[in-house]
Structures are given as C-alpha cells and as structure tokens.
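J.: dropping the sequence and predicted coords here.
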Amino acid sequence: MSDPRDAVADLRRIAFLLERAGESTYRVRAFRTAAAALRGRDAAELARLAGSGGLTDLRGVGEVTARCVAESVAGEEPVYLRRLEDAVARADADGIPLAEPALRLRESLRGDCHCHTDASDGGSPLTEMAETAIGLGHDYLVVTDHSPRLTVANGLSADRLRRQLEQVAALNERIAGSTRDFRVLTGIEVDIGDDGALDQEPELLAELDVVVASVHSKLRMPRDEMTERMLTAIANPHVDVLGHCTGRMVTGRRKRPESEFDAAAVFAACAEQGVAVEINSRPERQDPPKRLLRLAVEAGCEFTIDTDAHAPGQLDWLDHGCARAVACGVPPERIRNTRDRAGLLAR
C-alpha cells in the first residue's frame, strides 16, 4: 500500500484549480469547506473514518469530497484531482503559451496589489488567500476589501476595517516565524463617490499600505461628470492605484460597456499625481482596453498588474495582465509590483 497523501492539500488543490478555471462558486465551496473541516486531523484518523464510512458524518464533508479523501489516504491521487490536472495540461498544450517577454514579466512580479477576502465579497478567509499567495511564490499580497458604500459587496465599515488590520498584523507575526519572506500588506478598494470623494475615513486611509480607488456606481454618468469625478479622486493624496478604470465587462452575463471619460486628462493626472493605473487581470474585465492602456503608457503613467482575485485560485490570473501589458508596450520598470516591498511602499 502506498503512503497516504495529504488529503487536505488535495482538496485545496482541487478548489484552486476549479477557481483558476472560473468554475461555479458552489462547487469550489464544497471542497474548501471539506478541507476546513478536516484540517488538523491526521492521516490515521482520516483513514479510520474513510474505512467506517464516517467521513460524511462530519459537517461540511459530502459524498464527492469523502471519496477524494478516501483515495488520498489510500495513497492514490484522487480521480477528481487527476482529471483537473489533466485538463490543465491539455489546455497548456493546446493553447497559446505566454510569449517569452510576457513570461519574463510574469516571473518578475513580486506580488499582487488587489484582492478580496470573505470579509467583503471574496470567497475565502484572509489566511487562505495568504497561503495561496505564498504557494504561488509571491513576496507580498495586498488585501483590498471593499469600502462600506458598496453594500452589495458587504463593504467594510471603519470598525470592521480596523479589526482586519489587527488580523493582518497577527497573521504577519505568525508568518514571520517561518522561513518564507512574505508579508500581507494592508489596503482597501475604496469606492469613488459621485463627487469623487473616497468612501472611508481619511485618517484610516492614511494607515494603509495601498489604496486602490475604483468607480462602482453610476457607470453611465455623462462624460464630463465622470471625468471630473475621477480627477477629484486621483488628486486625493491617499490614492495609490486607479482600479479597473472603465468598469467594463466583456464576457459573462454581466456584460457592460466602458464608462465614458476624458482618458487623456485622467491618465495625465495619474502621471502627475503618482497614481498607478491598474491592469486588471480578470478575464471578464480586461481593463483598461488596449487602446487606453497604450494611451496611459504614452502619458508616462506607472502601473500595477493585479488579479482582483475574489478566490484563492484567481490569484493565478496574473498571466492575463502580463500578456496585455507586453502587447501594449508597458515598460516593466514602470510596473510597481515588479518591485520588492520597500520599492512598492516607497510611494
């Protein structure tokens, strides 16, 4: 009989690959919930439960996940996992791999400046996101949950954000005891109000490592009003990054066109104020569009390439942004997350 595999790691890998492929949330949640339920139980206990049929008696473990665990503790790669890994291998073989310049850029990225946890509208807790980022080789991960105005995304009030800062500090203290040089950085995706005001207390914004400012409402606002709205936010000294600037959705059920604004004026202001333009890697966003990304390059802007991940597996979406950055001639030295933490935070 083969040595038992790490059943929890197998369940987490399945969830990661499902998220990476954009599969439905309910399916991913089944594997992450089971992994959380089994964490801390040793292989012998899991083997005993698998043998007695007792795995499904545990809250959060269903028939499919129990079958995967039974295969893991028997020393076999779960069939479900093997099928996913095979699908990834086929996609890599049949698809178009990253061109060499995009691959070099991807390898140069040190972290991700935009992601969400289950504190707002993400699907996994802070610890899970951090562990995945470490596994991907990141040196840092900026946690940027939504601000309170975005109630549909369970945005964080000032008090909830302060509690998250305490959680980040505690997690970093635990990580510091390991050999991995990794740190969770504090941040927010702050909503830009109709008048350009930021949706969080200024004193609290000043405490954060990275502030991503994004428009989420009234995306069809008239061009001149939207331009003024964005310019006001960019002029705010707390803003570090302008997130998904057009707000467009190009795939899926939520398709929507770009917001209209004076892109030349907005990017000139970003360059002048030292606000980075985000290259959003979400497949459904692909924001900014290539013509605007080239305009931002010409304006002298700096950039971040971010996943805007709402689940751990989505943290592996940086390839999309790298390919678009190279296609549009974005100089790597102007991409802030090619820098180490000190270089990133120097802003």
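T.: In hand now; what should we look at? Numbering: from 1, shown residues only.
J.: residues contacting the nearest residue to Leu58 once chain neighbours are set aside?
T.: Leaving aside its sequence neighbours, Leu58 sits nearest to Ala37 (Cβ to Cβ, 6 or more residues apart in numbering; 5.3 Å). Every C-beta, even on glycine, is put in place using the N, C-alpha and C of the backbone. Neighbouring residues of Ala37 by Cβ atoms under 8 Å, 6 or more residues apart in numbering: 58-61.
J.: any chance of those in CSV, with secondary structure too?
T.: CSV is the format used below for those (DSSP: H, G, I helix; E, B strand; the rest coil):
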residue, secondary structure
Leu58, coil
Arg59, coil
Gly60, coil
Val61, coil
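J.: domain parsing for the chain?
T.: Following automatic domain parsing, the chain resolves into domains at 7-94, 100-345.
J.: hey, least reliable of the ones you listed by pLDDT?
T.: Among the domains of the chain, domain 7-94 carries the lowest mean pLDDT, a mean of 90.
J.: for Ala323, helix, strand, or coil?
T.: Classified using three-state DSSP, Ala323 is helix.
J.: could you pull up the residues touching Ala206?
T.: His238.
J.: same question but for His320, I mixed them up
T.: 281-283, 286.
J.: which single one of those is nearest to Val79?
T.: Pro283 (27.6 Å; Cβ to Cβ).
J.: Glu225 versus that closest one, what's the distance?
T.: 30 Å (Cβ to Cβ, to the nearest Å).
J.: now do Asp181
T.: 46 Å.
J.: over to Phe267?
T.: Applying Cβ to Cβ, the value for Phe267 to Glu225 is 18 Å.
J.: looking at these two, which has the bigger crowd around it?
T.: More crowded of Phe267 and Glu225, by other Cβ atoms under 10 Å: Phe267, with 25 against 15.
J.: scan this structure for its longest strand.
T.: strand 183-191 (DSSP state E).
J.: counting contacts, what elements does it pack onto?
T.: Applying 3 or more Cβ pairs under 8 Å, 6 or more residues apart in numbering; DSSP states H and E, we find strand 183-191 packed against strand 140-143, helix 158-176, strand 210-214, helix 341-345.
J.: for the last one, which positions count as buried?
T.: Applying a neighbour-count criterion of 16 or more other Cβ atoms under 10 Å, one finds 341, 344 buried in helix 341-345.
J.: just the CA trace of it, in CSV.
T.: C-alpha atoms of helix 341-345 as CSV (Å, rounded to 0.1, in the frame of the first residue of the first chain):
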residue,chain,number,x,y,z
ARG,A,341,8.0,45.6,-0.7
ALA,A,342,10.3,48.5,0.1
GLY,A,343,10.1,49.7,-3.5
LEU,A,344,6.3,49.3,-3.6
LEU,A,345,5.8,51.1,-0.4
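J.: can you name every helix or strand that it contacts?
T.: For helix 341-345, the packing partners by 3+ Cβ pairs under 8 Å, 6+ apart are strand 183-191.
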